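Trainee: Sequence plus predicted model, see below.
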Amino acid sequence: MRVCVRLSVKRRVHPDITVAEVRRHLRLVARLVPRPPRGTETVATSLGGVEGVRVATAASRNDRHVLYLHGGGYVVGWPSLYRDLTWRIAQVCRAQVSCIDYRLAPEHPFPAALDDAVAAYRALLAGGIDPRSIALMGDSAGGGLVLAALLRLRDEGTALPAAAVAVSPWTDLALTGESLRSNAAVDPLIAVEHAPRVAALCLAGADPRNPYASPLYGDPHGLPPTLIMAGGDDVLRDDAVRMAERMGAAGCEVEIEVWPRMWHVWHALARVLPEARAAIARIGSFVDERLA
């Protein structure tokens, strides 16, 4: 699988590749993403003016909700790319999963994605959903967006969700994590040499240490119970570990898991990778224990 991922993703990213080219490639990849099993409900939704999809399985309860924020470096990604993951999240968390199609850079730089995430969460509350029955979840840029949204919601006095999960979160757009260098060769998914350009597109001149862009630099006091996962070979391993350390030092309930030999967001390969299915099951147990 490492060889397959490297050849099909990382080796295709040439030095001069544009965002438009990456998006075209991912649209082709999206056609190959397996569809959810029969009986899974997938419907278009809109939360606070942000389009997305709501996914539910036979195990999903009407009184449990997950707001899922996809990855893609804030420049690519959409819910259909995640259809083989979101139904699994719905199954193990026994919840309705809403995956939103937040605005992307460079057309919509910071804080557009954050605005959309916050608007979608507030729409759930406005719809009468108890925050104690909501988990906020995301991967990569979406994982960082989860933590940034929690900081902003807390600062603005909004009731926080019962739990949060951040998988391989991008928490530092200043790119100071050592694993960006030490794992650059072993992570088969992410081409680290493009990270500065992607960060610049996202920020459009904003301070990379703004806590709402890079939650690593924020004060995490008062954030809800959080599970943070990263792979041992993940280029963003140190973004995850350092964020967990900051949260622990602030008295937050936080669990950090670094899975040996796993790479960036290995969960996406649950169809073929036992470690991905095990990690998703772990997410389910964490959320299931905390949702009202």
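Mentor: Yep, that arrived.
Trainee: What is the burial count for residue 243?
Mentor: As a burial measure, residue 243 scores 29 neighbours (other Cβ atoms under 10 Å). All C-beta atoms are positioned from the backbone trio N, CA, C, and that covers glycine.
Trainee: same thing with the one 5 residues further on?
Mentor: Burial measure for residue 248: 14 neighbouring residues, criterion other Cβ under 10 Å.
Trainee: Give me the spatial nearest neighbour of it, chain neighbours excluded.
Mentor: residue 254 (5.5 Å; Cβ to Cβ, 6 or more residues apart in numbering).
Trainee: For the residue nearest to residue 39 when sequence neighbours are not counted, what is the enclosing helix or strand?
Mentor: Nearest residue to residue 39, sequence neighbours excluded (Cβ to Cβ, 6+ apart): residue 58, at 5.9 Å. Per DSSP states H and E: residue 58 is located in neither a helix nor a strand.
Trainee: I figured residue 58 hits residue 38, correct?
Mentor: No - contact between residue 58 and residue 38 fails when scored by Cβ atoms under 8 Å: they sit 10.4 Å apart.
Trainee: So which of the two has more stuff around it?
Mentor: With neighbours defined as other Cβ under 10 Å, residue 58 and residue 38 compare such that residue 58 has more, 11 against 5.
Trainee: Relative to residue 292, how far out is the more buried one?
Mentor: From residue 58 across to residue 292, the span is 21 Å (Cβ to Cβ, to the nearest Å).
Trainee: Check residue 111 too.
Mentor: Relative to residue 292, residue 111 is positioned 30 Å away (Cβ to Cβ).
Trainee: So between the two, which is more surrounded?
Mentor: Between residue 111 and residue 292, counting by other Cβ under 10 Å, residue 111 is the more crowded of the two (18 against 10).
Trainee: What pLDDT does the model give the more buried one?
Mentor: Per-residue confidence (pLDDT) for residue 111: 98.
Trainee: Name the helix or strand for the residue nearest to it when sequence neighbours are not counted, please.
Mentor: Nearest non-adjacent residue to residue 111, counting by Cβ to Cβ, 6+ apart: residue 212, 6.0 Å away. Using DSSP H and E, residue 212 maps to neither a helix nor a strand.
Trainee: if I read this right, residue 212 contacts residue 154, doesn't it?
Mentor: No - assessed by Cβ under 8 Å, residue 212 is found out of contact with residue 154, at 11.4 Å.
Trainee: Pick out whichever of the two has more residues nearby.
Mentor: Counted by other Cβ under 10 Å, residue 212 and residue 154 do not tie: residue 212 has more neighbours, with 21 against 18.
Trainee: Report the beta-bridge partners for the residue nearest to residue 248.
Mentor: Beta-bridge pairing for residue 254 (DSSP bridges): residue 226.
Trainee: And residue 67, by the same measure?
Mentor: Note on residue 67: beta-bridge partners by DSSP bridges are residue 98, residue 136.
Trainee: That one and residue 96 touch, don't they?
Mentor: No - judged on Cβ under 8 Å, residue 67 makes no contact with residue 96 at a distance of 9.8 Å.
Trainee: Could you name every residue contacting both of residue 58 and residue 38?
Mentor: Counting by Cβ atoms under 8 Å, 6 or more residues apart in numbering, residue 58 and residue 38 have no common neighbour.
Trainee: Residue 180 should be in a helix, yeah?
Mentor: Yes - under DSSP: H, G, I helix; E, B strand; the rest coil, residue 180 falls within a helix.
Trainee: Pull the contacting residues for it.
Mentor: Residue 180 touches 192, 195, 235, 236, 238, counting by Cβ under 8 Å, 6+ apart.
Trainee: mind redoing it with 6 Å?
Mentor: Applying Cβ atoms under 6 Å, 6 or more residues apart in numbering to residue 180 gives the contacts 192, 235.
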